[in-house]
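> next comes the sequence, and after it the predicted model I'd like to discuss.
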Amino acid sequence: MSLDESEQKTDVREGIVHSSIPADELARLSDDIIGALKTVYDPEIPADIFELGLIYKIDIEDDRMVKIVMTLTAPGCPVAGEMPGWVENAVGAVEGVSGVEVAMTFDPPWTPDRMSEEAQVAVGWY
């Protein structure tokens with residue numbers, strides 16, 4: 001397969017985020033943050049918020065500040081006011097994290113198809 005000269009070439013490095021945190025430390029932080037998120041459960045569903053697909057984005061900044069964008073299964077969730085604090089406490093306890101900011105969003109709205117296979121098994125949908 002040859003490239004036509006008129007075709008636009010894509011730079012595979014586009015979208016790569018460079019960090020001053022060494023790669024092995026960034027990998028450890030990422031794993032530990034995900035592990036911490038897996039300790040936070042929606043009290044109405046027997047699955048953790050990570051496997052439920054409630055975490056939309058995790059950013060680890062160079063100063064090790066962690067910014068999380070998350071949602072809830074429904075805007076009227078009874079723990080809507082408490083869950084961001086649970087997430088902040090869990091992730092804030094990870095060694096090397098300097099701070100945590102949690103932002104809630106309902107765009108896009110959560111749907112059950114965001115759930116992992118593990119979460120589907122936990123709720124009996126698989």
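Alright, I've got the coordinates.
> for the rest of this, base every contact and every neighbour count on C-alpha atoms.
Noted.
> which phi and psi values does the closest residue to residue 45 other than its chain neighbours adopt?
Using Cα to Cα, 6 or more residues apart in numbering and skipping residues adjacent in sequence, the residue nearest residue 45 is residue 123, 7.0 Å away. Main-chain torsions, residue 123, degrees, to the nearest 10: phi -100, psi 0.
> got the contact list for residue 123?
Neighbour list for residue 123: 45-47 [criterion: Cα atoms under 8 Å, 6 or more residues apart in numbering].
> what's across from residue 101 in the sheet?
Per DSSP bridges, the residues bridged to residue 101 are residue 67.
> export the worst-scoring helix or strand of the chain on mean pLDDT as CSV, just CAs?
In the chain, the helix or strand scored least confidently by mean pLDDT, DSSP states H and E is helix 117-122, which has a mean of 90. In CSV, the C-alpha atoms belonging to helix 117-122 read as follows (Å, rounded to 0.1, in the frame of the first residue of the first chain):
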residue,chain,number,x,y,z
GLU,A,117,-17.8,-6.5,32.3
GLU,A,118,-16.8,-6.8,36.0
ALA,A,119,-19.5,-4.3,37.0
GLN,A,120,-22.1,-6.0,34.8
VAL,A,121,-21.3,-9.3,36.6
ALA,A,122,-21.6,-7.6,40.0
